[in-house]
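>>> I'd like to go over a predicted model; first the sequence, then the structure.
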Amino acid sequence: MKMLHVEVSNGFSNVGMTVIKKSKAGRNKTLTISGGERMLLQSKVNSIEDLKSGLFDDVIVHGDLLDCLGLIPDEYFNLIVIDPPYNLDKDFNGNRFSAMKSAGYEDYLRSWFGQVCDKLRPDGSLYMCGDWKCSASMQRVIEERLTVINRITWQREKGRGARMNWKNGMEDIWFAVKNPKDYYFNIDAVKVKRRVRAPYRIEGQPKDWEQSEDGKYRFTCPSNFWDDISVPFWSMPENTEHPTQKPEKLYAKLLLASSKSGDRVFDPFLGSGTLAAVARKLNRKFCGVEINEEYCLWAAKRLLQADMDKTIQGYADGVFWERNSFAEQKRANKAEE
């Protein structure tokens, strides 16, 4: 979701909503929930009472973040990934967030960010997603509690553009830590496999690239600009109707770089459940808080799907692949089986 009950002007408000259900095309894989599934999925969603009983691992918590934070132990998570409401007018399944002046938005961030930071281990890392409008505000608030290590910019190819402005095709992710001298980062886990366009040889042997049955490839260390991410769309199994859903591939990079197998990760704005699904696929323990019940059910269904299929689009054979390499990825996945 993307909602909090906080006392700031132009914050969230509940609005009436009429849902019009459309029939899906045959190839449309967007997640839906049938009437028969609803009761099962509701049983998979946790309540604030579960937090009170000490259940913090592998949970989707339906509740207000501010009500939950006091129940979660401090210094509990190795990694926190935050995708809060951006400073935009946006309707999240009936919960509306309204744009505000930068100072008001920073007050909104401060209303919960400090408490979220308290849940991070001394050697832990934190990522926060943003766009051009709110990114500067996020940096100012983050630096009040943590040390910013880098800013990732990723290319999101979606939308038709605008008539009176440049199309917004980029988003930011702030990377910050509690202790810049002691944090986990595994660059080898997030290397990118790219096709070599102009292979160079020395004495007939490949230089910095490999020859395989599928072609010529180079394994590269990723920079802080990512152009290999595809925003979920209707033909992808991970797609939902959440208006700001993040790709599983995007979160897989964050989890693989900044956490180990078995580590605990936290998402205070779980939304449609991308972090929970990726954590399950990559063997991390997760805790996600979400105030919108319907989004919680989507997340629960994605977890059931993740138990049956560990595939992450764009990640195969232990590496991340560039765009338009789906056939090669399928062959790599079959080789792993």
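Good, I have the coordinates. Since the model is a prediction, treat every value here as computed from it, not as a measurement.
>>> use CA for all of it now, contacts and neighbours both
Will do.
>>> got a list of what the residue positioned nearest the centre of the chain touches?
Centroid-nearest residue in the chain: Tyr251, 4.3 Å away (criterion: CA atoms, centre = their mean). Residues near Tyr251 by CA atoms under 8 Å, 6 or more residues apart in numbering: Thr274, Leu275, Val278.
>>> neighbour count and distance to Tyr217 added to those residues, as CSV?
Shown next, in CSV, are the contacts of Tyr251 (neighbours: other CA atoms under 10 Å; distance: CA to CA, whole Å):
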residue, neighbour count, distance to Tyr217
Thr274, 27, 29
Leu275, 31, 30
Val278, 26, 26
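>>> those helices in the stretch 151-300 of the chain, which residues are they?
For the stretch 151-300 of the chain, the helices defined by DSSP state H, counting those that start in this stretch occupy 248-258, 274-281, 293-308.
>>> of those, which is nearest Phe175?
helix 248-258 (9.4 Å; CA to CA).
>>> scan this structure for its longest strand.
The longest strand of the chain (DSSP state E) is strand 120-130.
>>> so what strands line up beside that one?
strand 77-82 (parallel), strand 170-177 (antiparallel) (DSSP bridges).
>>> tell me what the helix or strand following it is packed against?
Where DSSP states H and E defines the elements, the next helix or strand beyond strand 120-130 is helix 135-142. If you count contacts as 3 or more CA pairs under 8 Å, 6 or more residues apart in numbering; DSSP states H and E, helix 135-142 packs onto helix 102-118, strand 170-177.
>>> any chance of these in TSV, plus distance to Val148?
Formatted as TSV, the helices and strands packed on helix 135-142 follow (distance: least, CA to CA, whole Å):
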stretch	distance to Val148
helix 102-118	13
strand 170-177	4
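>>> buried deepest among these, which one?
Looking across these with neighbours counted as mean count of other CA atoms under 10 Å, the highest average goes to strand 170-177: a mean of 21.
>>> would you pull up how far that one lies from the middle of the chain?
12 Å (CA atoms, centre = their mean, to the nearest Å).
>>> avg pLDDT for stretch 192-205?
If you average the pLDDT over stretch 192-205, you get 67.
>>> please read the previous query as pertaining to stretch 151-165.
Stretch 151-165 comes out at a mean pLDDT of 84.
>>> same thing with stretch 290-309?
95.
>>> take the helices and strands packed on helix 135-142 and write them to TSV, including distance to Ile229 and mean pLDDT.
Shown next, in TSV, are the helices and strands packed on helix 135-142 (distance: least, CA to CA, whole Å; pLDDT from 0 to 100):
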stretch	distance to Ile229	mean pLDDT
helix 102-118	27	98
strand 170-177	11	97
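>>> mind putting the contacts of Tyr251 in JSON lines, distance to Asp64 and pLDDT included?
Shown next, in JSON lines, are the contacts of Tyr251 (distance: CA to CA, whole Å; pLDDT from 0 to 100):
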{"residue": "Thr274", "distance to Asp64": "19", "pLDDT": "96"}
{"residue": "Leu275", "distance to Asp64": "18", "pLDDT": "98"}
{"residue": "Val278", "distance to Asp64": "23", "pLDDT": "97"}
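>>> just those residues now: which is nearest Lys119?
Leu275 (16.9 Å).
>>> for Trp234, find the nearest of the helices and strands packed on helix 135-142.
Nearest to Trp234, of the helices and strands packed on helix 135-142 and by CA to CA, is strand 170-177 at 20.7 Å.
>>> residues in contact with the closest one?
Contacts of strand 170-177 (CA under 8 Å, 6+ apart): 123-132, 135, 139, 142, 146-156, 183.
>>> the helices of the stretch 151-300 of the chain: which one's closest to Leu66?
helix 293-308 (16.3 Å).
>>> what separates the closest one from the chain centre, distance-wise?
Per CA atoms, centre = their mean, the centroid offset for helix 293-308 relative to its chain is 15 Å.
>>> do the same with stretch 104-116
20 Å.
>>> could you do stretch 278-293 as well?
10 Å.
>>> that one spans what distance, first to last residue?
20 Å (CA to CA, to the nearest Å).
>>> quick one: buried residues of it?
278-282, 284-293 (16 or more other CA atoms under 10 Å).
>>> how about stretch 240-260?
By neighbour count with 16+ other CA under 10 Å, stretch 240-260 contains the buried residues 240-242, 244-260.
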